[in-house]
Every structure is written in C-alpha cells, then in structure tokens.
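**Student:** Next one to model:
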Amino acid sequence: MELSVVVPTLNGRDRLAATLDTLAAVVPAAEVIVVNGPSADGTTGMVRDRPDVDRLVEVSERNVNVARNAGLAAATGDAVAVVGDDHRVTDEWPDAVRDALDRGARVVTGPCRREVHGGATSESAERTEIGGREVTYFHGDNVVFDAATVDRLDGFDEHLETGGARDAAHRLAGLGVDIEWEPAVATVRQTEAADGGRKRTDWRWRYRSLAYRLGKNYGLRPASVWPVFRHAVVDAVEAAAGVVRGENAPTEWFGNGRDVVGGIWTGLSEGLVARARDRSSTRNPNGLSERRDRAVAVHETDDPREPAADDRPEQETNSE
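**Tutor:** Sure thing, here's the model as predicted:
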C-alpha cells in the first residue's frame, strides 16, 4: 500500500514543522503533500527547505475544504490521509491504518487527542442516526480514505467553510460506505495557543453549515429540520442562562439569535439548491471534480530516498 498524507495549513509554520517532523519519523515512506495558503508567515520557504515534503501546493482561498481537495487531487497513493497541521500522529498510527485497510476498510478514523498536564485526553466514536442512516462522524484532521472512495465521495464540499468533515460523513453513509473507528489511529493535538484556543463562535456560519448539509443530504423533511431547531433551542437556552448569570449582555443574546435564524434560512435554502444540482448519491455539486484551478503554484521536491540521476550507477548491459 502506497500512502499519501495531505496536510492543509494556514499561517501555522511552527506547528506545521512539528507535525512534519513526526510524519518523517513515524511514516517515512509516505508521500507528504502540504497545502499552504494563503499564509504570510514564511511557511512556503520553510516547507521548500524540507527534504521530507514531496509536494507543496499553494492555494489562494482561506477555506480548509478547498485545501483538502487540492491535496487529494495532488495525491498519488493507494490511500490518502488528511492530517491537521497541529496534529502529531502516534507511533501506532501507521500500522493501525495499514491493518484496517488490509481488512477491507475504505475509510479509517480515530481519536484526536489533546495534550493535557500529565498526558492526553481520550475520545470515543461519535455516531447518530438520521433519516434511517447510521452516520459515523470523523475529524477532518485525522482520516484516511482509500483512493476509490475519494473518487466516489468526490472530495469535500467547498461551499462549506466549516463542517466539511461532517457533511462528508453524511454523504459516505448515503453511499453505503462504513467509516471504521480504530482507537489506535490516533493523533495528538499540540498545546493550544496562549489564549487557550478560544474563538468567538460564528453563529451564522455554524447554523448555515448545519442547515445546508442536512438539507442537501436529506431534503426538506423532519429528519433534516428537527435537528437544526433542536440545536438552536439548546444553544438559546444556554445563552439565556449566561445572560442571567451576567456573563453575556442581552443585546448579544438577541444579536446571536438573529444570526442563528438567518443562518438556518440561508443554509437550508442553499442546501436544497445543492440537492437539486446533484441528484446522485454523491450529493456534492461543489466537489473535487468541479474545478482544476485551486492550486496557484505547485512545488515538487526531489525525493531524498532516491539518488540523483547523475549519481545512479550505470546499468550493466549484455553485449554479444
């Protein structure tokens, strides 16, 4: 089995370097493809100086699903892994991946642990049932596909800025492809940034993404509408409790609610349009096959495992 590893990155030079160090040590035979962009922290120079990166793909869009697809398009292996630029694969990861694929698995995933004092967190598989489908979710920073499944899935949906992995999980379930959860296929996320990794929630995009992927994959039916409103009610109650405790301002609560409603309406409308555009079981009108202009530059590196052409010994020939 020839394995390709795609590592999307955006302004993550230092953490990317640590991830590449681990890949070089743990899976030295893998084809490593870094998809960068548009970074402004010297990532390009750092990657081009590394002999353990086979291909650097530069993209201009700040969309992780575009970056993932650009990497999938550049990969040549029988299986393709996508690993986050701040995730280190464990020592057991390569053998566990190979064993699962040898058993016939078409998609393999596992826990994405976080470093904590004294070790790392644990994580179990997340599954749900929607519209008669059993869906196994995977983390977009730790997943391996066989090449045939990449083609069937047609990569990730580039319309989404967030939630691309969850959308792919729903589409894999629709295709009848099982996702195998293997605890040994684990990555460990590097220590969070000084702010603890906290980011302000973009409520509009969160619910736009949720409504879009459910509308696209299941249509306008209770199975797609109810989960959206259930999540919205839970988040509204939690936010209201924050107002009562004095943690949030009432104006912020109303503003977030407006964003949630707008996101649901927009996402559901877009999802139904996408469903009409791709009526096949793939359900990906914005996928890998839709364009060829993601990469603005591709840098190839010489394989350090092979001697240069001038240094290779001449082949002996038989003469009569």
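
**Student:** Now do the strands in the protein.
**Tutor:** 3-9, 31-36, 55-59, 79-83, 87-89, 107-109, 112-116, 119-120, 127-130, 133-136, 142-146, 179-181, 187-189, 295-300 (DSSP state E).

**Student:** Kindly reformat these as TSV containing distance to Asp259 and mean neighbour count.
**Tutor:** Every C-beta, even on glycine, is put in place using the N, C-alpha and C of the backbone. Written out in TSV, the entries for the strands of the chain read as follows (distance: least, Cβ to Cβ, whole Å; neighbours: other Cβ atoms under 10 Å):
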stretch	distance to Asp259	mean neighbour count
strand 3-9	27	24
strand 31-36	30	26
strand 55-59	28	22
strand 79-83	29	27
strand 87-89	30	24
strand 107-109	31	26
strand 112-116	28	16
strand 119-120	34	12
strand 127-130	24	14
strand 133-136	26	16
strand 142-146	30	25
strand 179-181	31	21
strand 187-189	28	22
strand 295-300	32	14
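
**Student:** need those strands in a markdown table with distance to Thr44 and mean pLDDT, can you?
**Tutor:** Converted to a markdown table, the strands of the chain look like this (distance: least, Cβ to Cβ, whole Å; pLDDT from 0 to 100):
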| stretch | distance to Thr44 | mean pLDDT |
| --- | --- | --- |
| strand 3-9 | 10 | 98 |
| strand 31-36 | 6 | 98 |
| strand 55-59 | 7 | 98 |
| strand 79-83 | 19 | 98 |
| strand 87-89 | 21 | 96 |
| strand 107-109 | 30 | 98 |
| strand 112-116 | 26 | 82 |
| strand 119-120 | 31 | 56 |
| strand 127-130 | 40 | 92 |
| strand 133-136 | 36 | 95 |
| strand 142-146 | 25 | 98 |
| strand 179-181 | 34 | 97 |
| strand 187-189 | 24 | 94 |
| strand 295-300 | 8 | 94 |
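
**Student:** Can you convert those strands into JSON lines and add a column each for distance to Arg258?
**Tutor:** Conversion of these to JSON lines gives the following (distance: least, Cβ to Cβ, whole Å):
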{"stretch": "strand 3-9", "distance to Arg258": "32"}
{"stretch": "strand 31-36", "distance to Arg258": "35"}
{"stretch": "strand 55-59", "distance to Arg258": "33"}
{"stretch": "strand 79-83", "distance to Arg258": "35"}
{"stretch": "strand 87-89", "distance to Arg258": "35"}
{"stretch": "strand 107-109", "distance to Arg258": "36"}
{"stretch": "strand 112-116", "distance to Arg258": "33"}
{"stretch": "strand 119-120", "distance to Arg258": "39"}
{"stretch": "strand 127-130", "distance to Arg258": "27"}
{"stretch": "strand 133-136", "distance to Arg258": "30"}
{"stretch": "strand 142-146", "distance to Arg258": "35"}
{"stretch": "strand 179-181", "distance to Arg258": "36"}
{"stretch": "strand 187-189", "distance to Arg258": "33"}
{"stretch": "strand 295-300", "distance to Arg258": "37"}
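
**Student:** do you know which of the ones you listed lies nearest Glu247?
**Tutor:** Across the strands of the chain, Glu247 has its closest neighbour in strand 112-116 (24.1 Å, Cβ to Cβ).

**Student:** Strand 142-146 and that closest one, what's the angle between them?
**Tutor:** With axes from the mean of the first three to the mean of the last three Cα atoms, to 10 degrees as the criterion, the two stretches strand 112-116 and strand 142-146 enclose an angle of 160 degrees.

**Student:** Which elements pack onto strand 112-116?
**Tutor:** Under the contact definition 3 or more Cβ pairs under 8 Å, 6 or more residues apart in numbering; DSSP states H and E, strand 112-116 sits against strand 187-189.

**Student:** Can you give the strand pairings for the strand it packs on, parallel or anti for each?
**Tutor:** Strands adjacent to strand 187-189 in the sheet, as given by DSSP bridges, are strand 87-89 (antiparallel), strand 112-116 (parallel).

**Student:** which one of the strands of the chain lies closest to Gly263?
**Tutor:** Relative to Gly263, the nearest member of the strands of the chain by Cβ to Cβ is strand 127-130, separated by 19.2 Å.

**Student:** What lies in contact with the closest one?
**Tutor:** Counting contacts by Cβ atoms under 8 Å, 6 or more residues apart in numbering, the residues outside strand 127-130 that touch it are 134-137, 170, 214, 218, 223-224, 227.

**Student:** Which pair of those spans the longest distance?
**Tutor:** By the measure Cβ to Cβ, Thr136 and Ser224 form the most distant pair in those, at 18.5 Å.

**Student:** Could you report the distance from Thr136 to Val64?
**Tutor:** 21 Å (Cβ to Cβ, to the nearest Å).

**Student:** pLDDT score assigned to the residue nearest to Val66 when sequence neighbours are not counted?
**Tutor:** Counting by Cβ to Cβ, 6 or more residues apart in numbering, Glu158 is the residue found nearest to Val66 once chain neighbours are left out, at 5.1 Å. In the prediction, the pLDDT value recorded for Glu158 is 98.
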